[in-house]
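S.K.: I'd like to go over a predicted model; first the sequence, then the structure.
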Amino acid sequence: MRVWHCLASLALGLASVAAVPATLSPGELAKPGRLLMLRHANAPGTGDPPGFRIDDCATQRNLDAVGREQARALGRRLAKAGVKRARVYSSQWCRCLETAHLLGLGAVKPMPALNSFYPAPDQRDSRIARLRAFLAAQPKEGPPLVLVTHQFTIAEFTGGGTPSGGGAVFQLNGTGTPSLVGGFTPE
């Protein structure tokens, strides 16, 4: 089963090239009503070790030094483009929370709807439904919104994968299906 998940993950990543429109500049996120759905920064490996616990970072796959610098650099890149503050929400996984904090864009609020459903496919539909309800309630002309999450969550909205520290930019539109504007890659 784990081999199948690894192959599916690889296929999803390869499909992302055609699924997400052109890469945008970080300044696009500064426009009113923009959403950046961001995959956590570099955390070597795939999935989490058997027996991991969401409340214990020592049991999870975490950011490495490259991932921590990738998250800090992304925060600097966004600030340079005019995004100095944002509403930031994160999956409860440690690699996502750490990425969100290292961006330096403001307080980080954990959001279970952003949690990975990779280890629990039976929770996919309910998590995506809660996330869509959250997005539908967000102001169409509000300040930037950053959601730090996992590849499979982003794929539900883009139809493809994204690299670690990359993501997709959307325009909020008062529905649970914001309009995809373009891709966002790490530098």
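M.R.: Perfect, thanks for sending it.
S.K.: Mind listing what's buried along stretch 64-71?
M.R.: Buried residues in stretch 64-71, defined by neighbour count with 16 or more other Cβ atoms under 10 Å: G67, R68, Q70, A71. Just so you know, the C-beta spots here come from the backbone N, C-alpha and C atoms, and that holds for glycine as well.
S.K.: same question, stretch 86-103
M.R.: Neighbour-count burial for stretch 86-103 flags 86-91, 93-103 (criterion: 16+ other Cβ under 10 Å).
S.K.: rewinding a little: any chance of the buried residues of stretch 64-71 in TSV, plus secondary structure, distance to L78 and pLDDT?
M.R.: Supplementary listing: the buried residues of stretch 64-71 in TSV, determined by DSSP: H, G, I helix; E, B strand; the rest coil; distance: Cβ to Cβ, whole Å; pLDDT from 0 to 100:
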residue	secondary structure	distance to L78	pLDDT
G67	helix	17	97
R68	helix	16	98
Q70	helix	13	97
A71	helix	11	97
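S.K.: Apart from its neighbours in sequence, what residue is nearest the most centrally placed residue in the chain?
M.R.: For the chain, the residue nearest the mean C-alpha position is L38 (2.8 Å; Cα atoms, centre = their mean). Nearest residue to L38, sequence neighbours excluded (Cβ to Cβ, 6 or more residues apart in numbering): G167, at 3.9 Å.
S.K.: Next: L97.
M.R.: S90 (5.0 Å).
S.K.: Need the pLDDT of the one you found.
M.R.: According to the prediction, S90 has pLDDT 98.
S.K.: Which residues does it form beta bridges with?
M.R.: S90 forms beta bridges with P110, V148, as assigned by DSSP bridges.
S.K.: Quick check, the residue nearest to L38 in contact with H40.
M.R.: No - the criterion here is Cβ atoms under 8 Å, and G167 misses it with H40 at 9.8 Å.
S.K.: the helices in the chain, which residues?
M.R.: With helices called from DSSP state H, the chain shows them at 2-19, 65-80, 94-103, 124-136, 151-158.
S.K.: what packs against the last one?
M.R.: In terms of contacts (3 or more Cβ pairs under 8 Å, 6 or more residues apart in numbering; DSSP states H and E), helix 151-158 is packed against helix 2-19, strand 34-39, helix 124-136, strand 167-171.
S.K.: Least confident of the ones you listed, on average?
M.R.: helix 2-19 (a mean of 38).
S.K.: Would you agree Q138 is in contact with L172?
M.R.: Yes - contact criterion Cβ under 8 Å: Q138 and L172 qualify, at 5.0 Å.
S.K.: how many neighbours does the residue nearest to L38 have?
M.R.: Each residue near G167 was counted by other Cβ atoms under 10 Å, and the total is 27.
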